[in-house]
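A.B. asks: please work out how this folds:
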Amino acid sequence: SVCYTISCPAIGLLSDRSRIGPRPMIYAGLLAQAIGFLLIGPSPLLGWLHGGSASWLQVVGGLVLFGVGESMSMTPVMDD
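C.D. replies: Purely as a prediction, here's the structure:
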C-alpha cells in the first residue's frame, strides 16, 4: 500500500489524456500486476530463476511491482 500511495500522484499526471492517456496506463498496470504475482508465487514458470523457492528480495520486488501496477490500473479509472 505504500507503493500505491507514493505512485498514485505520478500515475494520475501521466494518465491524463493530454499525456499518455488512461488505456495504455491501465494495460501496463495489469501487466505489472501479473509479473508481480509471478514473482511472489513462486511460479513454477520461474523455477530456473530461484531454484524452487523464492528469496525475500524476490518477494519484496514482486510486492513493489504489484503495488505500482495496482496504482497504474486503478488511478486512471477514478473520475474527478
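
A.B. asks: quick one: residues contacting the residue most central in space within the chain.
C.D. replies: The structure's the chain has its C-alpha centroid closest to residue 69; by CA atoms, centre = their mean the separation is 2.1 Å. Neighbour list for residue 69: 28, 29, 30, 31, 32, 33, 34, 35, 36 [criterion: CB atoms under 8 Å, 6 or more residues apart in numbering]. From N, CA and C alone the C-beta is placed, and that goes for glycine too.

A.B. asks: highest neighbour count among those residues?
C.D. replies: Compared across those, residue 29 has the highest neighbour count, 24 neighbours, by other CB atoms under 10 Å.

A.B. asks: report the secondary structure element holding that residue.
C.D. replies: With elements delineated by DSSP states H and E, residue 29 resides in helix 22-40, which encompasses its position.

A.B. asks: mind giving me the packing neighbours of that helix?
C.D. replies: In terms of contact count using 3 or more CB pairs under 8 Å, 6 or more residues apart in numbering; DSSP states H and E, helix 22-40 is assigned the packing partners helix 2-14, helix 56-74.

A.B. asks: Serialize those helices to CSV and add fields for mean pLDDT and distance to residue 21.
C.D. replies: CSV is the format used below for these (pLDDT from 0 to 100; distance: least, CB to CB, whole Å):
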stretch, mean pLDDT, distance to residue 21
helix 2-14, 87, 9
helix 56-74, 89, 12
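
A.B. asks: count of neighbours near the closest residue to residue 75 other than its chain neighbours?
C.D. replies: Spatial nearest neighbour of residue 75, chain neighbours left out: residue 11 (4.6 Å); criterion: CB to CB, 6 or more residues apart in numbering. By the other CB under 10 Å criterion, the neighbourhood of residue 11 contains 21 residues.

A.B. asks: list the contacts for residue 11?
C.D. replies: With CB under 8 Å, 6+ apart as the criterion, the residues that contact residue 11 are 25, 29, 71, 72, 75, 76.

A.B. asks: so the fourth one touches residue 24, yeah?
C.D. replies: No: using CB atoms under 8 Å, residue 72 is not in contact with residue 24; the gap is 9.6 Å.
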